[in-house]
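Novice: Following is a predicted model, sequence given first.
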Amino acid sequence: MDEEGVLARIRGDEALRSALDLVGDFDADRLDPVEELELPDGSRPAPVAGCAAGGTYYLCGPAGTRRPVLYAGSEGQATLLAADLAEALAVVTALASWQDALDGRPLDGSEEEARADHPGIDAARERIRAALALPVLTPEEARERLLTAARRTVPGFLPVPVEHDGHYEPMYTGD
């Protein structure tokens, strides 16, 4: 399924949107970023979802191309999440907390905590994967894809605010 098909499927299915919000803190109903951003090449990423902490998921690049997904947090940090929307959704679906995985925290603890807090998380993951034809990734595979994308954030995808001076810091600074 192409990017537009994925977005249309998500926007047209309330239960799928709820599952994405539960599993990946990917709220496709929230398209109002904290601030407008610009990438180093002068382009402006397009918001596609928000998260409970005030961050925003963006598509980078012109429509009709394979667009990387950028996450910009409300505290001035950003990272590339994946090479495209389908991969980003596969990653956030596979990881109980992609932010913890990005920080190198053990995956087992995050998974146990997620299942304890949200007993229906595995059923929600299956619903997402089936509805969007996403691959099943192990948490380890998802973390590796996340880190591969995160390593590409600097310099080409580290955003700057449009309205005021300043810059975002990379969320991932490893290797």
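Specialist: Nice, thanks for sending it over. Residues are numbered from 1 along each chain as shown.
Novice: Centre of the chain to the helix or strand bottoming out on mean pLDDT in the chain, how far?
Specialist: When each helix and strand of the chain is scored by mean pLDDT, DSSP states H and E, helix 107-117 comes last, with a mean of 84. Centroid displacement of helix 107-117 relative to its chain, using C-alpha atoms, centre = their mean, to the nearest Å, is 19 Å.
Novice: Report the contact partners of the residue nearest to W98 when sequence neighbours are not counted.
Specialist: Nearest residue to W98, sequence neighbours excluded (C-beta to C-beta, 6 or more residues apart in numbering): V92, at 5.4 Å. Any C-beta I mention is one placed from the backbone N, CA and C, and that applies to glycine too. Neighbour list for V92: L20, V23, G24, D25, F26, L81, W98 [criterion: C-beta atoms under 8 Å, 6 or more residues apart in numbering].
Novice: Ok, F26 next?
Specialist: Neighbour list for F26: L20, A49, C51, Y57, L89, V92 [criterion: C-beta under 8 Å, 6+ apart].
Novice: after whichever strand or helix holds the last one comes which helix or strand?
Specialist: Going back to what we said before, that points to V92. Per DSSP states H and E: V92 is located in helix 85-94. Remark: after helix 85-94, the chain's next helix or strand is helix 98-102, criterion DSSP H and E.
Novice: show me what contacts A88?
Specialist: If you count contacts by C-beta under 8 Å, 6+ apart, A88 has them with Y57, V69, L81, A82.
Novice: my guess is the third one is in a helix, correct?
Specialist: No: residue state for L81 (DSSP: H, G, I helix; E, B strand; the rest coil) corresponds to strand; a helix is not indicated.
Novice: quick one: contacts for it?
Specialist: So L81 contacts Y57, P68, V69, L70, Y71, A88, V91, V92, W98, L146, A149, A150 (C-beta under 8 Å, 6+ apart).
Novice: so can I have JSON lines of those residues showing distance to R105?
Specialist: Formatted as JSON lines, the contacts of L81 follow (distance: C-beta to C-beta, whole Å):
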{"residue": "Y57", "distance to R105": "21"}
{"residue": "P68", "distance to R105": "24"}
{"residue": "V69", "distance to R105": "21"}
{"residue": "L70", "distance to R105": "22"}
{"residue": "Y71", "distance to R105": "17"}
{"residue": "A88", "distance to R105": "20"}
{"residue": "V91", "distance to R105": "16"}
{"residue": "V92", "distance to R105": "16"}
{"residue": "W98", "distance to R105": "11"}
{"residue": "L146", "distance to R105": "13"}
{"residue": "A149", "distance to R105": "18"}
{"residue": "A150", "distance to R105": "14"}
